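Novice: sequence and computational prediction follow.
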Amino acid sequence: MNRGEPKLRLQASPLLRQQLTTRQAMLDVLLALMPATLAGIWFFGISALLVLSASILGAVVTEWLFSPAGYRGSRLNDYSALLTGLLLGLTLPPALPMWMAFLGGAVSIGLGKLIWGGLGQNLFNPALVGRAFLLATFPIAMTTWSAQSAPGEFFRIGSSTLAMPFMQPGYDGVTAATPLGLMKFERVSTDLWLLASGNSTGCIGETSGLLLILGAVYLLIRRDLDWRIPTGILVSVALFSALLLLSDPERYPGPLFSIFSGGLLLGALYMATDPVTSPLTPTGTWIFAVGIGLLIVLIRVFGGFPEGVMYAILLMNSATPLIDRYTQPRVFGKGGSSR
Amino acid sequence: MAAHPANPTWRARMKWLMNNPLSKLLEYSFAHGVHPQEHKAGTMALSMQRMPFSSRYLVPVNQHLGAPSKPVVKVGDPVLRGQVIAEPGAFISTCLHSPVTGRVHAIDNRRYPGGMFSLSITIESDPYDTQRIPEHPRDWRHLTADQFVAEIQQAGIVGLGGAAFPSHVKYSIPEGQHIDHLLVNGAECEPYLTSDHRLMVERPDALLKGIEILLHNLGAKSATIGVETNKPDAIATLREHIGSDSQRIRVVPLRVKYPQGAEKMLIKSIFKQEVPAGGLPRDLGIIVNNVGSVVAIADWFERSMPLIERVVTVAGDGVAKPANLIVPVGTPLREVLRFCEGMQSDISQIVMGGPMMGTSVVSLDVPVLKGTSGILAFRKLQRTDSREYPCIRCGRCLEACPYFLNPSRLARLAKARLFAEMQSYSVGDCVECGSCTYSCPSGIPIVQLIRLAKSQLRQSGDTRE
């Protein structure tokens, strides 16, 4: 009699889910970074590709190695290690020895993420943890910037790129100063169009501002990006640099130079917006973003380094739990001001 | 929403927008919420249809919120359609009536939607009876407040939107409070469901009659019917029937958004006021009623027809003939599916209610209840992503939660079994609408974790709501 009786399955409501998954969100960011990545490779030659591959490999291998055996596939499957490796690679100088990039990727995932308990648990942006480690450990290699590859030299691999592990790299290419370095130490400004198009010196992924913005627009359309963070950072950086410019136009760069130079766009659009290490609450997000903007200007202008994006983000990362605690949304029907 | 020109919902909506160019600005709404696909196209244009009587009915005694009703019939007793078979077990409880003329077959524990068992009265219908009952109008103009409350309890009327809260409890207004406004809930924000929609289109007179009765007996000055703009025909029909009475009764277009039909969201959308946390709409002088309940009130006073049947949307890819059915309360699910040509062996999931807040059932023997707004039969599981990623703190749940809670935090605390600490994050204010789970890209069962925490807190008696 019970032939044809359906086998009914129970599920607790709600039964509907929106389409986006965490894995897809990570893939979207990877896709959004592609134009700037390809531009970086185009500008700095095959060396840049090798550096990127080394940092990604370092991140992915570490994730695989230090995940419990049964979880390896699924941990790699969410693409977060791949993304961390790529983001780290984009913040490295194009002529960095590959072994350093690999080590940086390993530190990003190991000390930046896994030691905290894996995806979603870390306090600091993993890619920036890796970069901070490299900058502290190899200060010279991390601040030696190679010039863009000359025509016909796309496939030339610099001797530093292939340096043996733990050996001092020898540089054979042409080195040059970054726009921020020129500004800070020699008070030479760089043409804005060169900065925006990417035709300047710097880290692999930070030079092409317009392509970074293009990727971010894609993420905004896909609603993968919290618009408040880049908006807050860009507006506050523009505001603070405009104030400095007004106080002494001879000494300080203008807002547009500040925004398009160095790693600001890469940091504001792709690093500070890492959901794990930024506040959850809308109000908290604004505080976080303005804090980063202020710190960037302070470090760039008054600090010892020409660039301050990395430390600004890491410092505000450390404030995230506190910010979250004090900016809980106002519960419906509980009076007080609406946040 | 994935809109497509071939989708009638979309077309109806475009037509509405064309006719009312400013309507987007005129739509009333609340902050946050989610936009699930509507899935109403399959049944929104189907007229209500009466289902033939089945041979057996099951009436569980706790199908409403509050105390279970007490059976007043014995096995073997003959019963008439509409006769009281169980009386209220307490003030927050209501009468149950026989859905058919027949004989009491059994009073025992039967399976109940949601997998539990409940004391149920089984009634075998008399195949030779016409199932017609004498209809006569009842006086509603000369009732005291207490008499009106007693009438509604006698009629067994509960909230038909899904929660099945006894309506008379809402109408017993404590000393010192008075009701200014009646809010009629025609939002029907759950995907798939179209039963309220059809009721508004096909029985506008009964709805307006019910509103008149309520306005008179509650002493309220005016009434508002809130309808989501994906039901333009309902809005037009109601406005047409209200005609010159529009000073007193108005129809308000609501933005299509979930959970627009949640009582407190509806009040926020229309009156821009927030019901205080832990409070009731009547604290603001408002009473909210589902359109089905208002029609049931008209049926009771005009025809002495108690709540023994309701409109149920039967939809989903598991039925060949989707429909908006008038179903006697107590009809076994099996009979409804048979009538709608459910492809039985192919069905893998059946939901009673909507897909956002409904209950999935394990057995075809469970009955339709007073609160059953829909029966959705699916051939494939609606949610297949069993893969759960860690929370990446993206904040989508915060922007979905209409109560401005922090679901991400609540889920984390629930997983750590820190239930007591969840109270400082206002877990008691959650109405379990499921917008958080819907919006989570990591597939974390947030609202399910919150439900678990709430039931743990209830058991430990530690509730500060």
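Specialist: The structure has been received and is ready for your questions.
Novice: now residue 251: phi and psi?
Specialist: No chain specified, so I'll use chain A. Dihedral pair for residue A:251: phi -90, psi -40, per degrees, to the nearest 10.
Novice: correction: the question concerned chain B.
Specialist: According to degrees, to the nearest 10, residue B:251 has phi -110, psi 130.
Novice: isn't it up against residue B:238?
Specialist: Yes: if you go by C-beta atoms under 8 Å, residue B:251 and residue B:238 touch, sitting 4.9 Å apart. To be clear about C-beta, it is placed using only N, CA and C from the backbone, and glycine gets the same treatment.
Novice: quickly list what's touching both of the two.
Specialist: Jointly contacting residue B:251 and residue B:238 under the rule C-beta atoms under 8 Å, 6 or more residues apart in numbering or on different chains are B:225, B:227.
Novice: helices along the stretch 201-339 of chain A, start to end?
Specialist: Remark: helices assigned in the stretch 201-339 of chain A by DSSP state H, counting those that start in this stretch are A:209-221, A:228-247, A:255-260, A:264-266, A:282-302, A:309-326.
Novice: measure stretch B:383-390 end to end?
Specialist: The first residue of stretch B:383-390 is 18 Å away from its last residue (C-alpha to C-alpha, to the nearest Å).
Novice: correction: the previous question concerned stretch B:369-388.
Specialist: One end of stretch B:369-388 to the other measures 34 Å (C-alpha to C-alpha).
Novice: how many neighbours does residue 50 have?
Specialist: Just going to use chain A. Look at residue A:50: counted by other C-beta atoms under 10 Å in any protein chain shown, it has 21 neighbours.
Novice: let me rephrase: I mean chain B.
Specialist: When neighbours are counted by other C-beta under 10 Å, residue B:50 registers 10.
Novice: that one against residue B:328, yeah?
Specialist: No: between residue B:50 and residue B:328 no contact is recorded; they are 9.5 Å apart, counting by C-beta under 8 Å.
Novice: find the nearest non-adjacent residue to residue B:261, please.
Specialist: residue B:187 (3.6 Å; C-beta to C-beta, 6 or more residues apart in numbering or on different chains).
Novice: for residue B:65, that is, sorry about that
Specialist: In this structure, residue B:65 finds its nearest non-sequential neighbour in residue B:165, 4.7 Å apart by C-beta to C-beta, 6+ apart.
Novice: now distance to chain B and mean pLDDT too, for the helices of the stretch 201-339 of chain A, in a markdown table please.
Specialist: Rendered in a markdown table, the data for those read as follows (distance: least, C-beta to the nearest C-beta, whole Å; pLDDT from 0 to 100):
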| stretch | distance to chain B | mean pLDDT |
| --- | --- | --- |
| helix A:209-221 | 12 | 92 |
| helix A:228-247 | 10 | 92 |
| helix A:255-260 | 25 | 85 |
| helix A:264-266 | 20 | 92 |
| helix A:282-302 | 7 | 93 |
| helix A:309-326 | 8 | 94 |
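Novice: okay, now the unreliable bits of the chain?
Specialist: If you meant another chain, say so; for now it's chain A. A:1-4, A:150-152, A:172, A:335-339 (pLDDT under 70).
Novice: let me rephrase: I mean chain B.
Specialist: Within chain B, the ranges that satisfy pLDDT under 70 run B:1-25, B:344, B:385-386, B:462-465.
Novice: domain map for it?
Specialist: B:8-46+B:137-303, B:396-459 (automatic domain parsing).
Novice: could I get the ones you listed as a markdown table with distance to residue A:202 and mean neighbour count?
Specialist: What follows is those, written out as a markdown table (distance: least, C-beta to C-beta, whole Å; neighbours: other C-beta atoms under 10 Å in any protein chain shown):
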| stretch | distance to residue A:202 | mean neighbour count |
| --- | --- | --- |
| domain B:8-46+B:137-303 | 41 | 20 |
| domain B:396-459 | 33 | 21 |
